[in-house]
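> structure of the sequence below:
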Amino acid sequence: MLALLGAGFFTTKAVRRALYWADPQHHEQAPEGWMTLGYVERSHRLPPRSLGPLLGIAPGSGAEHRSLAEIAAMRDQSVESFLAEIDSALERVQ
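Numbering: from 1, shown residues only. Take a look at the predicted model:
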């Protein structure tokens, strides 16, 4: 019974994620402070963990799970300038 509940939970989660990313409204969104690097990568169809190195963020630094606003604060940078840096990086790879 517990295994069935677990399978149902993860199946529901996978279906919800697939439906979310299938919606064209979520493709190529302009970066915002609440997003994570992973969200921006998915939105712009970039390989996982590819945006951080373009921005000088070392893999395994913990930035992968932080919002862009938190990463900007960690870098002593304004959110606006960090988002502009991300926009520039996205233009280079697309």
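> mind listing what's buried in stretch 69-89?
69-72, 79, 82-83, 85-86, 89 (16 or more other C-beta atoms under 10 Å). Every residue, glycine included, has its C-beta placed from N, CA and C.
> of those, closest to residue 5?
residue 70 (33.8 Å; C-beta to C-beta).
> do a quick rundown of the helices in the protein.
For the chain, applying DSSP state H gives helices covering 2-22, 37-43, 51-54, 68-74, 79-93.
> tell me the gap between the third one and the middle of its chain.
This points to helix 51-54. Counting by C-alpha atoms, centre = their mean, to the nearest Å, helix 51-54 is centred 11 Å from the centre of its parent chain.
> buried residues in that helix?
For helix 51-54, the neighbour count (16+ other C-beta under 10 Å) marks 51-52, 54 as buried.
> residue 78: what's its closest spatial neighbour, skipping adjacent residues?
Spatial nearest neighbour of residue 78, chain neighbours left out: residue 72 (6.5 Å); criterion: C-beta to C-beta, 6 or more residues apart in numbering.
> where does this structure have low pLDDT?
Residues of the chain that meet the criterion pLDDT under 70 lie in 19, 22-23.
> please look at residue 48 and residue 37 and confirm they touch.
No: taking contacts as C-beta atoms under 8 Å, residue 48 lies outside contact range of residue 37: 9.5 Å.
> which of these two has more neighbours?
residue 37 (25 against 10; other C-beta atoms under 10 Å).
> my guess is that one meets residue 68, correct?
Yes: assessed by C-beta under 8 Å, residue 37 is found in contact with residue 68 at 7.3 Å.
> hey, what's in contact with both of those two?
Here residue 37 and residue 68 share no contacting residue, scored by C-beta atoms under 8 Å, 6 or more residues apart in numbering.
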